[in-house]
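Participant: dropping the sequence and predicted coords here.
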Amino acid sequence: MVRHRRRDLVASARGLAALALSSFPLLPLLVLNLNHGATLERWGSAANAMLVVYVPYALVVLTALAAHAVLPWEVGYLATAVLLGPLTLVRPLVAVGGAAFAWFAVDALLVRLGVVVALVVILSVERDVSLRWYRPARA
């Protein structure tokens, strides 16, 4: 049996670090928003609007992963290839769609700025993590 425990732990730690670093720009923006009268309800409205787009996408992804885990391996791999491959390609469009839906759901300028910052973080974190930690070694 191949053991990947150490690599899995390292990848998990890197993921938590990426989450912490990518969330940092939103914290001062949230504080600035609260000081200028924007309420948490407006942030909640923007978040709910994003979730309207993101949750169906996530459910399809989780269904494909469940199929991979539960069904016989041939069907599981087929479900993974048929669903996760194309869904990976449309992930940036889903991110932009959720941000656009949130943009039109709120009228507070600072909350809209937060939506844009969140979109930039979503679109950049995967690329940055891949380049920083998983770049192939040069010979």
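Facilitator: Cool, got the structure. Keep in mind that this is a model prediction, so the values were computed, not measured.
Participant: I figured Pro25 hits Leu119, correct?
Facilitator: No: the pair Pro25 / Leu119 is not scored as a contact, 11.7 Å apart, by C-beta atoms under 8 Å. Using the backbone N, CA and C atoms, a C-beta is placed for each residue, glycine as well.
Participant: please, where are all the helices along this structure?
Facilitator: Along the chain, the segments classed as helices by DSSP state H run 5-23, 26-35, 40-70, 73-79, 85-105, 109-133.
Participant: now the ones you listed in TSV, with mean neighbour count and mean pLDDT?
Facilitator: Shown next, in TSV, are the helices of the chain (neighbours: other C-beta atoms under 10 Å; pLDDT from 0 to 100):
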stretch	mean neighbour count	mean pLDDT
helix 5-23	12	78
helix 26-35	13	73
helix 40-70	15	90
helix 73-79	13	82
helix 85-105	15	93
helix 109-133	16	80
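Participant: how near is the residue nearest the centre of the chain to Thr88?
Facilitator: Of all residues in the chain, the one closest to the mean position by C-alpha atoms, centre = their mean is Ile122, 5.3 Å from it. In this view, Ile122 and Thr88 are 14 Å apart by C-beta to C-beta, to the nearest Å.
Participant: alright, I will stop here.
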